[in-house]
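Visitor: Show me how the following folds:
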Amino acid sequence: TALALVIGLVIAALAGYDPIRFAGQLVVGAFGNERAIARTLRGTTLFVLTGVAVAVAFRAGVFNIGVQGQFVVGGFSTAVAIIWLGGFVPEGTVGGIVLIVFGTLAGVVAGGLYGALPGMMKAYGDANEIITTIMLNFIATGFVGYLVAGPFGDPEATATRTRRLPESVELPRFVFGDPNLSIVGILLMLGVIAVVTVIMTRTQFGYDMVTSGYQDTAATYSGVDAKRMVISTMALSGMIAGLTGALFVIMIQGYYTDPSGIGNYGFDAIAVSLLAANNPLGVLPAGLLFGGLESAGSYVQINSDVPVQLIDGIVGLVVLFVAVPELFRMIALRTGLGGDAE
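Guide: Prediction:
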């Protein structure tokens with residue numbers, strides 16, 4: 001990560017920009033004031049949750065590249081569920097809590113089902129989950145986009161979106177008073193990390209899940225239904241992605257818009273998970289890095305002439321270096337920093 005940042009500054013210098021000023025803008029954009037910190041935490045929450053969704057599948061030997069689609073389906077289902085039920089629930093705090101709980105459950109279930117679909121195709125049709133999950137991303141974006149622009153669109157809105165959620169559907173704000181960041185979102189993020197870590201490391205289900213992904217023959221020999229565990233793994237991953245979509249709608253948007261413009265959190269989550277070595281605990285600092293870079297990118301784009309694509313390049317370098325650990329092992333051995341040669 002440090003090497004990627006240094007190379008990014010070198011590229012900025014070669015392009016004619018002041019690298020020291022650019023580095024300062026990155027820091028200020030991510031942590032320079034309360035607004036920047038709130039923006040960083042908001043992005044971190046989404047990156048961490050989607051990163052955990054990816055990590056769950058990757059740790060179990062299943063490659064869920066479809067978190068973006070599950071994120072989209074979960075968020076849209078939450079919006080539709082809340083808008084529909086809003087006509088039957090009285091206004092006020094109690095009614096808002098009921099709508100939030102109901103909408104969140106709808107998002108979790110929808111994301112889980114959409115994740116279980118490629119799991120079933122892999123388990124019973126021997127379909128490559130990388131291909132099926134990638135394709136299901138496009139299907140989710142296209143179909144949900146059609147629904148938002150058509151049957152579920154707000155005819156009075158000038159932009160493509162659903163009707164707004166009822167005013168009672170609101171989470172308590174974070175200490176900074178940012179309208180798009182809630183203490184509930186932060187606590188939910190930490191809670192999901194804790195629960196998933198316990199499941200993966202301290203339960204029979206987690207052990208069977210990892211065993212089924214890496215050694216399905218051994219899992220079957222020990223009495224585990226490997227096919228069922230693959231489906232369960234993908235469903236759990238999709239449920240976390242759907243939960244993230246629900247939080248995105250309730251905490252940030254307040255409606256649902258064209259999914260092609262909501263951000264690539266599900267795709268970036270793959271890089272977050274890789275940076276964390278697919279460890280749910282490691283996803284927290286990795287997500288913080290990506291949240292800070294996203295926040296810094298917004299700041300640089302507005303307050304500087306440095307192209308924001310430089311930050312995308314830094315993220316790409318981070319992923320590249322994480323993907324080639326053997327390179328660093330070779331460097332460590334040659335420089336004597338790698339411990340025992342054997």
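Visitor: what are the ranges of the strands in the stretch 1-150 of the chain?
Guide: Taking DSSP state E, counting those that start in this stretch, the stretch 1-150 of the chain contains no strands at all.
Visitor: what about it, any weak spots by pLDDT?
Guide: Nowhere does the stretch 1-150 of the chain drop to pLDDT under 70.
Visitor: Which parts of it are helices?
Guide: 2-14, 19-31, 34-59, 67-85, 93-125, 129-149 (DSSP state H, counting those that start in this stretch).
Visitor: Mind putting the ones you listed into TSV with distance to Ala269 and mean neighbour count?
Guide: (C-beta placed from N, C-alpha, C; glycine too.) Listed next are the helices of the stretch 1-150 of the chain as TSV, based on distance: least, Cβ to Cβ, whole Å; neighbours: other Cβ atoms under 10 Å:
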stretch	distance to Ala269	mean neighbour count
helix 2-14	18	15
helix 19-31	19	17
helix 34-59	3	26
helix 67-85	5	28
helix 93-125	13	21
helix 129-149	12	18
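Visitor: Format those as CSV; extra columns: distance to Ile331.
Guide: Formatted as CSV, these follow (distance: least, Cβ to Cβ, whole Å):
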stretch, distance to Ile331
helix 2-14, 11
helix 19-31, 24
helix 34-59, 26
helix 67-85, 32
helix 93-125, 37
helix 129-149, 30
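Visitor: of those, which approaches Val198 most closely?
Guide: helix 34-59 (12.5 Å; Cβ to Cβ).
Visitor: between that closest one and helix 129-149, how many degrees?
Guide: On the basis of axes from the mean of the first three to the mean of the last three Cα atoms, to 10 degrees, helix 34-59 is oriented at 130 degrees to helix 129-149.
Visitor: Quick check, central residue of this structure?
Guide: Geometric centre of the chain, nearest residue: Thr50, 2.2 Å, by Cα atoms, centre = their mean.
Visitor: how would you label the closest residue in space to that residue that isn't next to it in sequence: helix, strand or coil?
Guide: In space, and not counting its chain neighbours, Thr50 is closest to Ala269: 3.5 Å by Cβ to Cβ, 6 or more residues apart in numbering. Taking DSSP: H, G, I helix; E, B strand; the rest coil as the rule, one finds Ala269 in the helix state.
Visitor: quick one: which of the helices of the stretch 1-150 of the chain is nearest Glu294?
Guide: When those are compared by Cβ to Cβ, helix 34-59 sits nearest Glu294, at 4.3 Å.
Visitor: Show me what that closest one is packed against.
Guide: helix 19-31, helix 67-85, helix 183-202, helix 226-247, helix 265-275, helix 283-303 (3 or more Cβ pairs under 8 Å, 6 or more residues apart in numbering; DSSP states H and E).
Visitor: ok, back up a step: determine which of the helices of the stretch 1-150 of the chain approaches Ile302 most closely.
Guide: Across these, closest to Ile302 is helix 19-31 (Cβ to Cβ), at 9.0 Å.
Visitor: how about Val283, what does it touch?
Guide: Residues near Val283 by Cβ atoms under 8 Å, 6 or more residues apart in numbering: 48, 51-52, 55, 193, 272-273, 276.
Visitor: Looking at those, which is nearest Met229?
Guide: Ala55 (16.6 Å).
Visitor: if I look at the closest one, how far off is Thr104?
Guide: 21 Å (Cβ to Cβ, to the nearest Å).
Visitor: Isn't the residue nearest to Thr50 up against Phe58?
Guide: No: using Cβ atoms under 8 Å as the test, Ala269 is too far from Phe58 to be in contact (10.4 Å).
Visitor: so what's the spatially closest residue to Gly297 that is not a sequence neighbour up against?
Guide: Among residues not flanking Gly297 along the chain, Ile311 sits closest, at 4.3 Å (Cβ to Cβ, 6+ apart). Counting by Cβ under 8 Å, 6+ apart, Ile311 touches 8, 26, 293, 296-297, 300.
Visitor: quick check, nearest of those to Thr132?
Guide: The closest of the contacts of Ile311, once distances to Thr132 are taken by Cβ to Cβ, is Leu293, at 30.1 Å.
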